[in-house]
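Visitor: need a structure here:
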Amino acid sequence: MARRALVLLMALGLLLLGVLLDAATGPAMLPVGEVACAVFGYPADSSVQAIVWSIRLPVALMAIAVGAALGLSGAIMQAILNNPLASSYTLGISAGAGFGASLVIVLGISLPVPDNYAIASNAILFAGVACAGVYWIGGARKASAEGLVLAGIALLFLFQGLSSLLQMVASPESLQQVVFWLFGSLQKSTWPKFWAMLTVLVVCVPWLARDVWGLTALKLGDARAAALGVNVSALRIRSFVLISALTGVAVAFVGTIGFVGLVAPHLARMLIGEDQRGFLPASGLLGAVLLSLASVASKTISPGAIFPIGIVTSLIGVPFFIWMVLRNRKSYW
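Guide: Got it, this is the predicted structure:
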């Protein structure tokens, strides 16, 4: 319990540092002290305050919200499938959301909603379609974890292929927008988008909390979890609904971002263990920390230019993940 509290407190400290650094970095570097004063309401230079509150703070806070959503969705996916390589990115959920958004950008096909919500609604819809497809295909063998993983991998390639097809028929303007969006970017973050992402998190977290014990029991296997009174099929359905909501909204606002939902749960597992009462909050917090630090890196790699954050997470995350797998191969395989 003390170790868990210490890890969560350290993650919160890193999160605060990440927000301040994220708000301070950019084409025009700002003094961290001035940024801290502006963020916490102390007297600060008026130009710094305007830049921080109108431009940089929405980006910094969106990084936290999206990172937490991806970390949580990855932790849920790994728990219900009992597979350390599972995440919404590796099993096609993000690819489904990306395809839904690309449909709007390239062909203008969307749900009958206002234009401002077309991309978001399509991303959530197709994230749900991907989740339903994973469950339906894997459910041919009573929704075994192995069947669900194989179904997710199949859908990953399907949606990636469909997205590539859309890019082939897209106009140059639409193609540029789709490609940049699929790389992932926080730079179009606004206060309304942040509040929407935060609302999704606030709604999903209490719903997830009620299933903490059931998710912990799943680590014993489906048969033992069922013997302990867990309705495994219903638990997986509820979990997939949460995953589609968290992933769909995140992808709709910032594009597809890999690595975070895969690595954050691994870090949480290494630091805290498998008990979902600590594992899930730690996965969300560490996901927020990772994406916040990646946001800072995307603005400092090349002064005056901002790299798409999806590229940064891949370049940093893939070697780190390979190192983790090699270091812990006995426990993962």
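
Visitor: all contacts plus neighbour counts: C-alpha atoms, from now on.
Guide: OK.

Visitor: would you mind measuring from Pro27 to Leu290?
Guide: Using Cα to Cα, to the nearest Å, we find Pro27 at a distance of 21 Å from Leu290.

Visitor: these two: who's more crowded?
Guide: Set Pro27 next to Leu290 and count neighbours by other Cα atoms under 10 Å: Leu290 wins out with 26 against 13.

Visitor: which ones are touching the more buried one?
Guide: Contact partners of Leu290, counting by Cα atoms under 8 Å, 6 or more residues apart in numbering, are 67, 260, 264.

Visitor: any of those buried? List them.
Guide: Among those, those classed as buried by 16 or more other Cα atoms under 10 Å are 67, 260, 264.

Visitor: of those residues, which belong to helices?
Guide: 67, 260, 264 (DSSP state H).

Visitor: Ile243 versus the last one, what's the distance?
Guide: Distance, Ala264 to Ile243, using Cα to Cα: 15 Å.

Visitor: return the closest of the buried ones among the contacts of Leu290 with respect to Leu91.
Guide: Val260 (13.8 Å; Cα to Cα).

Visitor: isn't the closest one up against Gly71?
Guide: Yes - with contact defined as Cα atoms under 8 Å, Val260 reaches Gly71; the gap is 6.1 Å.

Visitor: quick one: Val35 from Phe194, how far?
Guide: Counting by Cα to Cα, the gap from Val35 to Phe194 is 19 Å.

Visitor: more neighbours, these two?
Guide: Val35 (27 against 21).

Visitor: for the more buried one, pull up the helix or strand it's in.
Guide: In the assignment (DSSP states H and E), Val35 maps to helix 32-40.

Visitor: elements contacting that helix?
Guide: helix 2-24, helix 46-51 (3 or more Cα pairs under 8 Å, 6 or more residues apart in numbering; DSSP states H and E).

Visitor: that older thread, redo the buried ones among the contacts of Leu290 as CSV? Include distance to Gly284 and pLDDT.
Guide: Output for the buried ones among the contacts of Leu290, formatted as CSV (distance: Cα to Cα, whole Å; pLDDT from 0 to 100):
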residue, distance to Gly284, pLDDT
Gly67, 7, 93
Val260, 10, 88
Ala264, 8, 90
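
Visitor: include distance to Leu9 when you put those residues into JSON lines, please.
Guide: Shown next, in JSON lines, are these (distance: Cα to Cα, whole Å):
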{"residue": "Gly67", "distance to Leu9": "17"}
{"residue": "Val260", "distance to Leu9": "20"}
{"residue": "Ala264", "distance to Leu9": "16"}
